[in-house]
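J.: Sequence plus the predicted model coming up.
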Amino acid sequence: MGVIRGIVRVTEGLKDPNQNLFDHDQDLQIKNNLNQEILSQPIQNIENTQSDKIDKIDNIIITKNKENVLRENKVPESSLQRALQFSGLGLNLTTNALKKVLVSTFSEQKVTFKQALISEENAEILAQGLCKMRGAPLKLAQALSIQEDELIPKPIRQAFEKARESADVMPQYQLEKMLREELGLDWESKFESFDIKPFAAASIGQVHRAILKDKQVVAVKIQYPGVKQSIDSDLSNIKRVMDYTGIFPKTMFLDKLIANTRKELYEECDYLVEAEKQIRYRNNFSEYKQFAIPNVIKELSTQRILVSEYLEGDNLDQVAEHYPQYLRNSIGRMIMEVTLVELFKFRFMQSDPNPSNFYFNRKLNKLILLDFGAAHEYDKSFINDYIEIIHGAASNNRLKCLEKSKNIGFLTGEESIRMKEAHVDSIMTVGEPFRYDGEFDFGAQQLTKKIYELMPIMLKYRLRPPPQEVYSLHRKLSGAYLMNMRLQTKINCRDIFMNLYDSYK
């Protein structure tokens, strides 16, 4: 798959690239007034909003999102409970598929069992099952949700996307049990107040707002019970479901992806390790005033609870829908800059590109960065070759891209000429933003179309899986592209990369 897998997974629902927040005939003074008021608006906490908030800025009305409705479901804790959940999920998928095949025998449109397995109805069953399971299944769904339709049928990929964005939350009795086990029977005495209802939920934990005794507002991330203990059995069970459906091609190297997911999950389930990563990341970017990383409250953090400074901002959906072009450009540039700086300067990258990990504080003009469990350090020798691959794409040097791809382990050197050409073509395509001298228009890009055309060749002729480092690295790089596409930014990526390349040591 060459470089940056997942780049063709463009966020659905993009607006018309030619559409503008402002009418071109609108008075310039109104635009200026609007821009000033956007920057001066008080920050709203979107997740905790109890009702719709409407800000009227001149003649533009911005409707804030409703509070995210999170379903409450008991987390299956033991390996047996979780295995039974997987069995039930597999049975539901099979029964529904058989029913669909049977019904189709009485119609002109016959449906095969495999077609029925990947139907939209089954995709909904799969999404609900993953949301209830949480843990390893949701983590794997996150990795698979940005894959191309050639790899994963669209209904199944959409199920993974839905599961990634809407995990269920644990009921109050499980929540309080976790708090007692980690912070003691007197856990309530450590807070001035604690919101029992979480404002966010992800694959391995949910997040609550609280106020400490010193009046500091904090975010308390609490791990789901049983998640770490069931990693191996969960991944084995979900692989059985995937093998049974037969919807994943062999060239996807599913075993390698699952092995990498297992390694990441064990590390991410230790919140003390994540706390150290967050502290390291905060120190790395201490001189970059355009970024804000929450401070860790170490005295209240444990292996299964992470307490951090609570930072507020507007989510990227709001930015995409309501911010003027120049601000979207500025935020998109920040996203691209942090991605390249963390990789080529610090070799320590937060590799989870979930848009919910990025918020923008209008008042402070800062990009807020969250969730560092998936932060990884990369070996210097690997980055030495990788930066040369990107530079080869930026300088239109195909031979350099090919040779460095062999060095780094993308290619064996035994591939067919057709495969080598397709691989380099994919690199050159993904490198367009760094090759373009000026502001690259992510809203009008053709990257996705070009890579789609190369996918069949690479799927057919690829001889080896990509290097292990690539799974996390390309997940983040593709995320940076997709977020800029969602924001429809116009930014100079070349100068960001070339400045880093010229100073690389």
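T.: Sure, I can see it.
J.: for the strand or helix carrying Ser233, what is the average pLDDT?
T.: Assigned by DSSP states H and E, Ser233 belongs to helix 231-245. What helix 231-245 shows for mean pLDDT is 72.
J.: what do you get for stretch 93-107?
T.: 73.
J.: Grab the nearest non-local neighbour of Gly431.
T.: Spatial nearest neighbour of Gly431, chain neighbours left out: Ala393 (2.4 Å); criterion: CB to CB, 6 or more residues apart in numbering. (C-beta placed from N, C-alpha, C; glycine too.)
J.: can you pull the buried residues of the helix or strand harbouring that neighbour?
T.: Following DSSP H and E, one finds Ala393 within helix 380-394. By 16 or more other CB atoms under 10 Å, the buried positions in helix 380-394 come out as 382-383, 385-394.
J.: Just flag the most distant two among those residues.
T.: Spanning the widest gap among the buried residues of helix 380-394 are Phe382 and Ala394, at 18.7 Å by CB to CB.
J.: okay, the angle between the helix or strand where Leu482 lies and helix 380-394?
T.: In the assignment (DSSP H and E), Leu482 maps to helix 468-487. If you take axes from the mean of the first three to the mean of the last three CA atoms, to 10 degrees, helix 468-487 sits at 40 degrees to helix 380-394.
J.: who does the helix or strand following helix 468-487 pair up with?
T.: As assigned by DSSP H and E, the chain's next helix or strand after helix 468-487 is strand 490-491. Here strand 490-491 is paired, per DSSP bridges, with strand 440-441 (antiparallel).
J.: hmm, who's touching the strand it pairs with?
T.: Contacts to strand 440-441, defined as CB atoms under 8 Å, 6 or more residues apart in numbering, come from residues 17, 432-433, 490-494.
J.: if we can go back for a sec, which other helices and strands does the helix holding Ala393 contact?
T.: helix 325-344, helix 398-408, helix 417-430, helix 432-435, helix 493-503 (3 or more CB pairs under 8 Å, 6 or more residues apart in numbering; DSSP states H and E).
J.: Test my guess that Met336 contacts Asn484.
T.: Yes - with contact defined as CB atoms under 8 Å, Met336 reaches Asn484; the gap is 6.6 Å.
J.: Now do the shared contacts for these two.
T.: Common neighbours of Met336 and Asn484 (CB under 8 Å, 6+ apart) are Ile491.
J.: Looking at the contacts of strand 440-441, state which has the most neighbours.
T.: Using other CB atoms under 10 Å as the neighbour test, the contacts of strand 440-441 are led by Cys493, with 27 neighbours.
J.: returning to that earlier point: mind putting the contacts of strand 440-441 into JSON lines with distance to Arg282?
T.: Below are those laid out as JSON lines (distance: CB to CB, whole Å):
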{"residue": "Pro17", "distance to Arg282": "36"}
{"residue": "Glu432", "distance to Arg282": "33"}
{"residue": "Pro433", "distance to Arg282": "28"}
{"residue": "Lys490", "distance to Arg282": "30"}
{"residue": "Ile491", "distance to Arg282": "25"}
{"residue": "Asn492", "distance to Arg282": "27"}
{"residue": "Cys493", "distance to Arg282": "25"}
{"residue": "Arg494", "distance to Arg282": "29"}
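J.: Which one of these is nearest to Lys404?
T.: Closest to Lys404, out of all of these and judged by CB to CB, is Glu432, at 18.0 Å.
J.: Let me know whether the closest one touches Phe442 as I believe.
T.: No - between Glu432 and Phe442 there is no contact under CB under 8 Å: 10.4 Å.
J.: Next one, pLDDT for Arg71 please.
T.: For Arg71, the predicted pLDDT is 69.
J.: what's the answer for Glu77, then?
T.: Reported pLDDT at Glu77 in the predicted model: 59.
J.: swap in the one 10 residues further on?
T.: Looking at Ser87, its pLDDT stands at 66.
J.: what's in contact with stretch 361-371?
T.: 38-43, 202, 281, 285, 289-294, 311-314, 331, 334-335, 338, 350, 352, 354, 356-360.
J.: Show only the entries of those residues found in strands.
T.: Mapping those onto strands (DSSP state E) picks out 291-292, 314, 350, 358-360.
J.: Just want the phi and psi numbers for Val169.
T.: phi -110, psi 160 (degrees, to the nearest 10).
J.: in the stretch 251-400 of the chain, which segments are predicted with low confidence?
T.: Along the stretch 251-400 of the chain, the model assigns pLDDT under 70 to residues 251-254.
J.: So Lys213 is in contact with Phe191, correct?
T.: Yes - between Lys213 and Phe191 there is a contact at 7.3 Å, judged by CB under 8 Å.
J.: So if I had to pick from the two, which one is more boxed in?
T.: Between Lys213 and Phe191, Phe191 has the larger neighbour count (other CB under 10 Å), namely 19 against 9.
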